[in-house]
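1. take this sequence and fold it.
(chains A and B)
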Amino acid sequence: DAGVIQSPRHEVTEMGQEVTLRCKPISGHDYLFWYRQTMMRGLELLIYFNNNVPIDDSGMPEDRFSAKMPNASFSTLKIQPSEPRDSAVYFCASSHGLAGGPGETQYFGPGTRLLVL
Amino acid sequence: ILNVEQSPQSLHVQEGDSTNFTCSFPSSNFYALHWYRWETAKSPEALFVMTLNGDEKKKGRISATLNTKEGYSYLYIKGSQPEDSATYLCALDSSYKLIFGSGTRLLVRP
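-> Got it, this is the predicted structure:
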């Protein structure tokens, strides 16, 4: 398996522009997670999906951020409009959760390094 | 708010030294404790998932222990090698939400 795939790997954009980050989870995994990594806050969970349904989006910083999972093999994280403080590395991760069973390993993608000028 | 603390923040050791780091977490709402190894410019790589008090896991020269009653986990590296240089993250699994510590950055000098 190719692992979790993210694109683009790097994105440089100007303030006010829309940014779309993409993720393909590992086939068969039914949980998908979006994380953001910054120097100030470390690695923090933004949102996660189970069977394509958003379960907890309490980590999404504000309305400018939205995430979708139209099918089991694809998810997007969109920032509109982007701001310089959104500059960070955004990771996608997936796991195969057993019914009612936490403790499953989350497998991380390579991340998208976003710079908003 | 659940807080996961890791210490030390950074550690420099000589090749061949053994070392250990600590992860502290609130023992309430505990489901599992994850350890990850994170090299610069790469994605975090899963090392261990531990769920039971007293759990011990081992992978080569790296091992980990878990004490859920007092809320801590130790990660040990025996005979550190330069390729062990990375940031080691622990994460509290509170029902699918992973709450990460800030990590321990390890540098192993040849």
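2. which residues in chain A form strands?
-> A:5-7, A:10-13, A:19-24, A:31-38, A:42-50, A:53-56, A:65-71, A:74-79, A:88-95, A:107-108, A:112-116 (DSSP state E).
3. what sits against the residue nearest to residue A:8 when sequence neighbours are not counted?
-> Closest residue to residue A:8 apart from its sequence neighbours, by Cβ to Cβ, 6 or more residues apart in numbering or on different chains: residue A:112 at 6.0 Å. Using the backbone N, CA and C atoms, a C-beta is placed for each residue, glycine as well. Taking Cβ atoms under 8 Å, 6 or more residues apart in numbering or on different chains, we find residue A:112 in contact with A:6-11, A:21, A:89-90.
4. nearest to chain B, of the residues you listed?
-> For the contacts of residue A:112, the closest approach to chain B (Cβ to the nearest Cβ) belongs to residue A:6, at 8.7 Å.
5. if I read this right, that closest one contacts residue A:94, doesn't it?
-> No. Look at residue A:6 against residue A:94 with Cβ atoms under 8 Å: they stay out of range, at 10.9 Å.
6. so for these two, which residue has more residues nearby?
-> Using other Cβ atoms under 10 Å in any protein chain shown as the criterion, residue A:6 and residue A:94 rank with residue A:94 on top: 27 against 22.
7. partners of that one in the sheet?
-> Residue A:94 has these beta-bridge partners by DSSP bridges: residue A:32, residue A:107.
8. how close does it get to residue B:41?
-> The spacing between residue A:94 and residue B:41, counted by Cβ to Cβ, to the nearest Å, is 21 Å.
9. alright, I will stop here.
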